[in-house]
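*Asks:* The amino acid sequence is not available; the structure is as follows:
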């Protein structure tokens, strides 16, 4: 049974970029969550690092069948299509593409941001951290009800 991998990325008022993600089973059970701080960067950079760290964690934890969901069509296009020469994020895109070539199954799909409540919650949970990467093996407080809502297909309004 495939695992679902979702992430989100933001850029704060001073340009500080953060990313976060969650890996869960199809029925909504938590496998792992993660969050990180990049420093000054744009949203695309944060999206790409969220993908890189999420895929690396999935591989390291032995997960070999992944449904990767993103609300960024641009990031999905960069990792699934031919890389434009001299792209400013060519290094991180190349690392993601190398991960995708490993012997596992990763399906990349677009999702609306409103269907990604758990990853957005992790952003708030880890917002004050300056750590490059935090990983949670158990759900952080408050995420269990959101996992349940995500599993039922509940969409949350953008704010």
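*Replies:* Structure's in. What do you need? As the structure is a computational prediction, the values presented were derived from the model and not from experiment.

*Asks:* Name the residues of stretch 23-32 that are buried.
*Replies:* For stretch 23-32, a neighbour-count test (16 or more other C-beta atoms under 10 Å) marks 23, 24, 28, 30, 31, 32 as buried. C-beta: built from backbone N, CA, C; applies to glycine.

*Asks:* same thing with stretch 52-59?
*Replies:* 52, 53, 54, 55, 57, 58.

*Asks:* residue boundaries of the strands in this protein?
*Replies:* 3-11, 16-25, 30-40, 65-70, 105-110, 134-136 (DSSP state E).

*Asks:* From the contact counts, what lies against the last one?
*Replies:* Packed against strand 134-136, as judged by 3 or more C-beta pairs under 8 Å, 6 or more residues apart in numbering; DSSP states H and E, are the following elements: strand 30-40.

*Asks:* Just give the strands next to the strand it packs on in its sheet, each with its orientation.
*Replies:* Strand pairing for strand 30-40, determined by DSSP bridges: strand 16-25 (antiparallel), strand 134-136 (antiparallel).
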